[in-house]
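Chemist: Whatever this is, show me its structure:
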Amino acid sequence: MPYSNLTSLCPTRWTMRAESYNSLLNNYKLVQEALYTLIEEKGGPGIKTNGLHEQMNKFYFFFGLKLDDINFKLFYTKVLKESESLTDKPILARYRRPPKQFYRQQYMESLEIVINMLQNRFTQKNLKLLCNVEQFILYAANNSLDDSNDYFQSIMDFCYGDIDIEKLKVEALMIVDFFQSVIKTNQMNIKQITKISTIWEVFNSRELG
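Modeler: Just a heads-up that it's a prediction; the model follows:
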């Protein structure tokens with residue numbers, strides 16, 4: 001059975017949690033089987049494992065992990081099909097309306113919450129600075145920097161007095177060599193770093209300190 005590594009759920013950077021959810025979805029059956037074998041553990045671990053296993057057998061748990069599709073009709077049909085061998089069937093405590101309508105309401109409410117969170121997140125005053133910091137890091141990981149670089153200049157302007165600018169200049173010149181060396185040594189097959197997550201992957205591939 002194909003599998004991939006599980007990714008821990010980041011407690012602070014909520015934008016990275018999609019990877020964690022996807023890693024669980026990609027290994028759903030394997031995780032269920034692993035939990036089942038651990039249920040016999042005595043004491044707290046066994047009780048906790050049994051609770052997790054019961055949750056993963058429920059349709060609403062699988063449904064919650066799959067809340068990432070814009071078209072609900074296609075989304076619901078897809079989730080139903082994928083959950084057939086993994087969970088129980090979608091049911092309601094009281095049959096006042098079909099399960100599809102119930103989950104559609106949950107779906108729309110979840111989308112509304114996500115949209116509001118995104119609007120709040122991306123209208124903050126320091127967003128432009130944070131974007132510049134991200135671009136500065138990505139640019140430095142792929143290229144040599146100098147004073148004329150716009151991203152470098154914005155960081156210097158904002159952090160002036162808080163950091164040693166001269167040391168930053170020196171270290172910025174060495175960043176690209178560091179990444180190229182690590183990528184080559186570990187044969188990571190990375191031609192260009194375009195995401196912050198790739199930078200963490202490079203850092204995690206070797207011991208620092």
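
Chemist: CA only for contacts and neighbour counts going forward, please
Modeler: Noted.

Chemist: Outline the domain layout of the protein.
Modeler: Per the record, the chain has its domains at 1-57, 67-123, 127-204, by automatic domain parsing.

Chemist: ok so residue 90 is a helix residue?
Modeler: No. With DSSP: H, G, I helix; E, B strand; the rest coil as the criterion, residue 90 is assigned coil and is not in a helix.

Chemist: list the contacts for it?
Modeler: Contact analysis of residue 90 by C-alpha atoms under 8 Å, 6 or more residues apart in numbering lists 59-60, 99.

Chemist: 6 Å instead, please
Modeler: Each residue near residue 90 by C-alpha atoms under 6 Å, 6 or more residues apart in numbering is listed here: residue 59.

Chemist: if we can go back for a sec, would you turn the domains of the chain into TSV with mean pLDDT?
Modeler: Shown next, in TSV, are the domains of the chain (pLDDT from 0 to 100):
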stretch	mean pLDDT
domain 1-57	77
domain 67-123	78
domain 127-204	81
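
Chemist: Kindly list the longest helix within this protein.
Modeler: Identified as the longest helix of the chain according to DSSP state H is helix 99-121.

Chemist: for that helix, which positions count as buried?
Modeler: 100, 103, 107, 111 (16 or more other C-alpha atoms under 10 Å).

Chemist: can you redo those as a markdown table with distance to residue 51?
Modeler: Shown next, in a markdown table, are those (distance: C-alpha to C-alpha, whole Å):
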| residue | distance to residue 51 |
| --- | --- |
| 100 | 26 |
| 103 | 23 |
| 107 | 25 |
| 111 | 28 |
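
Chemist: can you name the two of those that are farthest apart?
Modeler: The distance between the two most remote of those (C-alpha to C-alpha) is 16.2 Å, for 100 and 111.

Chemist: Which strands or helices does the longest helix of the chain pack on?
Modeler: Packed against helix 99-121, as judged by 3 or more C-alpha pairs under 6 Å, 6 or more residues apart in numbering; DSSP states H and E, are no other helices or strands.

Chemist: Residues in contact with it: which ones?
Modeler: With C-alpha under 6 Å, 6+ apart as the criterion, helix 99-121 contacts residue 91.

Chemist: tell me how far that helix is from the chain's mean position?
Modeler: 19 Å (C-alpha atoms, centre = their mean, to the nearest Å).

Chemist: And for stretch 175-188?
Modeler: 24 Å.

Chemist: in it, what's buried?
Modeler: Under 16+ other C-alpha under 10 Å, the buried positions of stretch 175-188 are 175-177, 179-180, 183.

Chemist: What is the nearest of these to residue 19?
Modeler: Of the buried residues of stretch 175-188, the one sitting nearest to residue 19 (C-alpha to C-alpha) turns out to be residue 183, at 22.0 Å.

Chemist: Three-state assignment for the spatially closest residue to residue 206 that is not a sequence neighbour, please.
Modeler: Leaving aside its sequence neighbours, residue 206 sits nearest to residue 182 (C-alpha to C-alpha, 6 or more residues apart in numbering; 7.7 Å). With three-state DSSP as the basis, the three-state label of residue 182 is helix.

Chemist: Any figure for the gap between residue 182 and residue 76?
Modeler: Using C-alpha to C-alpha, to the nearest Å, one gets 44 Å for the distance from residue 182 to residue 76.

Chemist: can you check residue 66 too?
Modeler: In this view, residue 66 and residue 76 are 9 Å apart by C-alpha to C-alpha.
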